[in-house]
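K.L.:
got a predicted structure plus its sequence, pasted below:
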Amino acid sequence: MTHSGKTVIVIGGGLAGLATATLLSDRGFQVTLIEQKHRLGGRTFSFQDRTTSDVVDNGQHILMGCYHYTLRWLKFLGQAQPTQTGRLIHIPFAAPHKKLSSLIIPVLPMPMHLLVGILRFKNLSFWERLLLIKAGLKLPFQHIPETISVDDWLKDLGQNENLKTYFWNPVCLAVMNESLQNASAKLFATALKHMFLVKGDYSRIIIPKTGLSELFVIPSEVLIRQNGGIVLLDREVDKIQLANDQITGITLNNKNLLQADVYVSAVPQSGFFNIIDKDIRDKHFQAMAVLRTSPIISIYVWLTGIQTDQLFHGSFIGCIHTKIQWIFKKSDSLLEITISGAVDMINRQREEIFELIVGELEILFADFKGSMVRHFLVIKERNATFSQPPDSGYHRPSCRTPIKNFYIAGDWTDTGLPATIEGAVKSAYTAVDHVCAEYLR
Ligand SMILES: Cc1cc2nc3c(=O)[nH]c(=O)nc-3n(C[C@H](O)[C@H](O)[C@H](O)COP(=O)(O)OP(=O)(O)OC[C@H]3O[C@@H](n4cnc5c(N)ncnc54)[C@H](O)[C@@H]3O)c2cc1C
């Protein structure tokens, strides 16, 4: 690594900020990373449960084979790539009082993997499977307007209610964290094409084997410091100072002024307007003010008297006709349960959410009893993802801004991807490319 002699301030220590800081420090920039919380990782972190001392994540995160930037960054960080061998996708499904089959996408060349997987998906009638294949065949050639929802798009494609219940709704919630009615069809279709119609291996589901902090956060912090960078925790950026369309410094909540040649904001959209003055916002960033967020609730359930393997086979299961969407096995005695797009649940009390989950587990699994729970933890992430309704594409900012030495990264920027780890890391690579092109000449 050679020193460029240039200084960079990265605001926000989520994955977008960490990726930006690690990559720029590797390119010889003197990096200062500023994070308002006492820990790094943003919406992707692990912590120790006080009762059991187990390390748990703030919610199950899954990666996919199509997470090109994320896997590239993990390799750069020296992390063994988290892999899942065997079939590309193997998702058993469960529903109350009903036996369901699994969705299994085999390792075959694209698009044979999809054709075979769908044709064997017995939760749909044969006719519905053909309708699904027809929709898949149309996908690469469709121009989908920014303004329509997934639900409207599916109507145009002739997809019926059963197809929505057993295929589209679970996929849409997993990919977009939004219901069919609220999700942008254009963004969803782009993500589907990327996942299923580029390379067979892109469809592979990857479940990290370690905690999220161990995977992403700790190696990033080590690397930044090794490269001579500075990581400031518990420091909130209060305001960006601007003169002549150029940033001259940032003030922290302790009133200190920090200065650098280049500034990268990697805060989420909700925090972005706190750090810029209203007149700058009105002048340059007004379009983004309408972006909202969508919640996810994660429930960890520690069991006694039964092993998780006795409930279902495989490492996770999708649930239909329930409030729960996914259940992951974290160990012999620990389950993680995910409720995506949890708009109607997020304001409920934790105990109430837990009672509801126990009721659903009892209906889903004959061997499960509420008395088998020895401890539980409900994690509410109100701002888990930015909301991605029709039209949201118009409001996502590009990395380069009208302010000369100021760039924006984060999953909510115009990556063309949904609010995901891959979006966050891709935005960082874009920011790094811009900064290097303009400051390493
Ligand atoms: C429960 C849950 C499950 C998820 N599941 C998946 C999944 O399965 N797959 C997937 O790909 N994605 C998933 N996601 C989404 C993924 O976590 C996010 O897209 C990604 O972490 C966003 O990273 P980011 O760096 O853009 O933003 P953030 O992680 O929000 O980072 C922004 C950082 O900026 C800091 N900050 C804000 N304001 C200031 C300020 N003024 N000064 C200093 N610092 C500031 C914040 O504290 C934060 O640390 C999930 C998210 C959640 C919450």
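P.N.:
Looks like it arrived, so ask away.
K.L.:
which single residue in the stretch 51-200 of the chain comes nearest to the ligand?
P.N.:
Of all residues in the stretch 51-200 of the chain, residue 59 sits closest to the ligand, at 2.4 Å by C-beta to the nearest ligand atom. (C-beta placed from N, C-alpha, C; glycine too.)
K.L.:
what about that residue, how many neighbours?
P.N.:
The number of residues packed near residue 59 is 22, by other C-beta atoms under 10 Å.
K.L.:
where's it relative to residue 74, distance?
P.N.:
Taking C-beta to C-beta, to the nearest Å as the criterion, residue 59 is separated from residue 74 by 19 Å.
K.L.:
next to the ligand, which bits of the stretch 251-400 of the chain? Give me the list.
P.N.:
By the rule C-beta under 6 Å from any ligand atom, the part of the stretch 251-400 of the chain lying against the ligand is 266, 267, 268, 271, 274, 275, 296, 298, 381, 384, 385.
K.L.:
quick one: secondary structure of the last one?
P.N.:
Each residue gets one of three states, and residue 385 gets strand by DSSP: H, G, I helix; E, B strand; the rest coil.
K.L.:
now do the contacts for it.
P.N.:
Residues in contact with residue 385 (C-beta atoms under 8 Å, 6 or more residues apart in numbering) are 176, 177, 293, 294, 296, 411, 418, 419, 420.
K.L.:
hmm, the first one is touching residue 188, no?
P.N.:
Yes - counting by C-beta atoms under 8 Å, residue 188 is a contact partner of residue 176 at 5.7 Å.
K.L.:
common neighbours of these two, please.
P.N.:
150, 418.
K.L.:
hang on, residue 131 in a helix?
P.N.:
Yes - remark: residue 131 belongs to a helix, assigned using three-state DSSP.
K.L.:
distance across stretch 130-145, terminal residue to terminal residue?
P.N.:
Chord length of stretch 130-145, first to last residue, is 25 Å (C-alpha to C-alpha, to the nearest Å).
K.L.:
for that stretch, give me every contacting residue.
P.N.:
Outside stretch 130-145, the residues within contact range by C-beta under 8 Å, 6+ apart are 111, 114-115, 118-119, 121, 124, 153-154, 157-160, 163, 167, 185-186, 189, 192-193, 196-197.
K.L.:
alongside the ligand, which residues does the stretch 1-150 of the chain contribute?
P.N.:
Counting by C-beta under 6 Å from any ligand atom, the positions of the stretch 1-150 of the chain adjacent to the ligand are 11-17, 34-37, 42-44, 58-59, 61-62.
K.L.:
roughly how far does residue 295 sit from residue 421?
P.N.:
For residue 295, the distance to residue 421 (C-beta to C-beta) stands at 18 Å.
K.L.:
more neighbours: which of these two?
P.N.:
Set residue 295 next to residue 421 and count neighbours by other C-beta under 10 Å: residue 421 wins out with 26 against 21.
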